[in-house]
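Q: What shape does this take:
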Amino acid sequence: MQRIYLDNAATTPLAPEVFDAMVPFLKEHFGNPSAIHAFGRKTRAAVEQARRTVALLNCSPGEIIFTSGGTEADNMVLQGAVRDLGVKHIITSAIEHHAVELTAHAIDHADQAKVHWVKLHSDGKPDLKHLEELLESTQGQGVLVSLMHANNEIGTRIDLDAIGGLCRKYGALFHSDTVQTMGHYRFDLEHTPVDFITCAAHKFHGPKGTGFLYMRSGAGLKPMILGGSQERNMRAGTENIAGIAGLAKAMELAYDDVEGHQRHVQGLKDSMMKRLVEEIPGVGFNGDPSADALYTVLNVRFPDDGKSEMLLYNLDIEGVACSGGSACSSGSNKGSHVLGALYPERPGANIRFSFSRYSTMDEVEHAVSVLKRIFQLEPVKA
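A: The predicted structure is shown next:
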């Protein structure tokens, strides 16, 4: 049976070049970067070279803090902004990644800061008029806006410049979870009005357990993890050298041909949308269906005809790997908080297909043929 992987928003396969870049730091170069001898100096140089590579985002290497991934980095920003930067108000949305949403709830419940939930349009984009009203009503009281660049479930993208401009106008800090867009778009952080962004390497063919926080110079956060002076006193703990080297290589590969990658993957997404509409009556799409949305993610709404209840299970049986929502919540029995917030009364099964540079048109065609067969036959019983 042919097995195909269309769950790249959950994680991507490690690029062979990334694996090769990591191996020396798993075998030969094992020194602790904090040591002053030659073994330590070798790995210290690798960490700092990786930091310079990431700075191709047009920022200073000193503004990059390596972390275990996006979740840690998001927590660092929200918790640190309240603790260290005098933030008394957090403005966010109900469809953020749980790393932001649940952290905001925890801060609110502990009465550390008041959380305001910006209204959303039906495609998941924030209502900028309401955002400005919230910013105006809290101006001068210590405000952090946290809105993700592209939603991990429905792919809707926000305008960083427009929202960052509003934040600057009202003196608010701006944080954006860029986990789904990092490595898939070019960033110019020097000229983008954002104070904090976050990254997870495994979303663009890098290793799991490695990411970074970009913190604009002078932002003033203090470390969340104590116990050492690593990461320029911002994150204690011996660095994940192999992971950091892999992240830098993945970033380098991604930036070599961002536009070519986008054309390839957008073509797959467009083709799948077209073929699903042709083959399955009643199919629809969640979020923003336009070309402005994240090109790696397609969230499909299938008709509520009795065959959709076991759809994800049947797809897996047929060798098609995809997702019913965010993989970060896959251990939960709850439905998608994103779809629940945007479409609470909408019936039918919702499946997220997500693509990478390694995805092919043959895989898209195979997935559509499997779906067509499922909706023509009785579903497999558990």
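Q: C-alpha only now, for contacts and for neighbours.
A: Fine.
Q: which ones are touching residue 347?
A: Shown in contact with residue 347 (C-alpha atoms under 8 Å, 6 or more residues apart in numbering): 303, 304.
Q: again, only using 6 Å
A: By C-alpha atoms under 6 Å, 6 or more residues apart in numbering, the contact list for residue 347 reads residue 304.
Q: got it, and residue 11?
A: Neighbouring residues of residue 11 by C-alpha under 6 Å, 6+ apart: 202, 203.
Q: so it, which of the three states?
A: Following DSSP: H, G, I helix; E, B strand; the rest coil, the label given to residue 11 is coil.
Q: The one 3 residues further on too?
A: Using three-state DSSP, the three-state assignment for residue 14 comes out as coil.
Q: which element is residue 197 on?
A: Element membership of residue 197, judged by DSSP states H and E, is strand 196-200.
Q: which residues sit against that strand?
A: Under C-alpha under 6 Å, 6+ apart, the answer for strand 196-200 is 69-70, 73, 175-179, 211-215.
Q: ok now that strand, how far from the chain's centre?
A: Distance of strand 196-200 from the chain centroid (C-alpha atoms, centre = their mean, to the nearest Å) equals 8 Å.
Q: Partner strands of it and their direction?
A: Strand 196-200 pairs in its sheet with strand 173-177 (parallel), strand 211-215 (antiparallel), by DSSP bridges.
Q: and that strand, which residues are buried?
A: Using 16 or more other C-alpha atoms under 10 Å as the test for burial, strand 196-200 gives 196, 197, 198, 199, 200.
Q: Report pLDDT for the second one.
A: Think residue 197. At residue 197, the model reports a pLDDT of 98.
Q: heads up, I number from 27, so please use that
A: Sure, I'll start counting at 27 from here, so that last one is residue 223.
Q: So in terms of bridging, what pairs with it?
A: Bridge pairing for residue 223 - DSSP bridges - gives residue 202, residue 240.
Q: Doesn't residue 109 belong to a strand?
A: No - with three-state DSSP as the criterion, residue 109 is helix rather than part of a strand.
Q: would you list every one of the helices in the stretch 177-326 of the chain?
A: Secondary structure of the stretch 177-326 of the chain by DSSP state H, counting those that start in this stretch: the helices cover 186-195, 256-259, 267-282, 284-305.
Q: Point out the most buried one among the ones you listed.
A: helix 267-282 (a mean of 24; mean count of other C-alpha atoms under 10 Å).
Q: Show me what that helix is packed up against.
A: If contacts are counted by 3 or more C-alpha pairs under 6 Å, 6 or more residues apart in numbering; DSSP states H and E, helix 267-282 sits against helix 42-48.
Q: what pLDDT, on average, does the helix or strand following the helix it packs on get?
A: On the C-terminal side of helix 42-48, the closest following helix or strand by DSSP H and E is helix 50-53. For helix 50-53, the mean per-residue pLDDT is 97.
Q: that older thread, and of the helices of the stretch 177-326 of the chain, who's closest to residue 27?
A: Residue 27 sits nearest to helix 284-305 of all the helices of the stretch 177-326 of the chain, at 21.0 Å, using C-alpha to C-alpha.
Q: can I get the strands paired with strand 222-226 in JSON lines with distance to residue 191 and mean neighbour count?
A: JSON lines is the format used below for those (distance: least, C-alpha to C-alpha, whole Å; neighbours: other C-alpha atoms under 10 Å):
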{"stretch": "strand 199-203", "distance to residue 191": "9", "mean neighbour count": "25"}
{"stretch": "strand 237-241", "distance to residue 191": "17", "mean neighbour count": "26"}
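Q: Just put those strands in TSV and tack on mean pLDDT.
A: As requested, those are exported to TSV (pLDDT from 0 to 100):
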stretch	mean pLDDT
strand 199-203	98
strand 237-241	98
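Q: in the stretch 227-376 of the chain, which segments are predicted with low confidence?
A: Applying pLDDT under 70 to the stretch 227-376 of the chain picks out residues 332-335, 351-360.
Q: tell me the angle the strand holding residue 223 makes with helix 267-282.
A: Orientation of strand 222-226 against helix 267-282 (axes from the mean of the first three to the mean of the last three C-alpha atoms, to 10 degrees) gives an angle of 100 degrees.
Q: what's the offset of stretch 255-269 from the middle of its chain?
A: For stretch 255-269, the distance to the chain centre is 22 Å (C-alpha atoms, centre = their mean).
Q: Just give me the neighbour total for residue 159.
A: Per other C-alpha atoms under 10 Å, the neighbour tally for residue 159 reads 12.
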